[in-house]
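> Pasted the sequence and its predicted model underneath.
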Amino acid sequence: VSPFHVLYAQEARPYSLWTVMILLASAALLWALRRQTWWSWGFYAVTVAVGFYTHALFGLIVIAHGIYVAGASLTRNDGKARLPRVMTAYLLATLAALIAFAPWGLIIVTDLVQACEFPSWITTPVGIFQLFGRCAVGFSAVYFDMSWDFAHPWKHVFRIPVLFLAFYALYFLYCQSSKRVW
């Protein structure tokens, strides 16, 4: 349990459910790719629809799933043409999920102006050093959480070893594991 997760567990936000839906939809996708049955693709469609209702940015996950399906289908070297069948099943499941999400999607589209004005803090300009600092704090807070106070930059010196170890772990994973794993 990291301090970051303890802090977020105390807040009522949809991110925990979104994380669960990302994991569940990804597992359902892998299951559907392995089984290639209508039931498995139907289950994937249901998880995607629930994921869309959890967070509208779930569409990015669906795009990533599409890229994975296309990439996994293209890298098969067994000589069979599975791309059309797998992609057709994926696209049909995604279309079914989008149809299930259509009522809420219609509300989002009709209130798009208000939806775009709500996160106005995103358009606030941020300097490159402050942006890097926020990224470093957010990434290292998973392992070591002191504070988000940017008025005292020397507090963040302790984050450098944590960031170094995290990036080294990613580098080690890249170098020591097979391409499919990393």
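In hand now; what should we look at?
> Nearest residue to the middle of this protein?
Centroid-nearest residue in the chain, with C-alpha atoms, centre = their mean: Ile61, separated by 5.5 Å.
> chain center to the strand or helix carrying it, what's the gap?
Applying DSSP states H and E as the criterion places Ile61 in helix 58-74. Centroid separation for helix 58-74 versus its chain: 12 Å, with C-alpha atoms, centre = their mean, to the nearest Å.
> now do stretch 13-22
Counting by C-alpha atoms, centre = their mean, stretch 13-22 comes out at 10 Å from the chain centroid.
> that older thread, for the next helix or strand after the helix holding Ile61, name the packing helices and strands.
Under the assignment DSSP H and E, the closest C-terminal helix or strand after helix 58-74 is helix 83-110. With contacts defined as 3 or more C-beta pairs under 8 Å, 6 or more residues apart in numbering; DSSP states H and E, the packing partners of helix 83-110 are helix 15-35, helix 38-54, helix 58-74. The way it works is simple: take the backbone N, C-alpha and C, and place the C-beta from them, glycine included.
> what about 6 Å?
helix 38-54, helix 58-74 (3 or more C-beta pairs under 6 Å, 6 or more residues apart in numbering; DSSP states H and E).
> Least confident of those helices, on average?
Comparing mean pLDDT across these, the lowest value falls on helix 58-74: a mean of 90.
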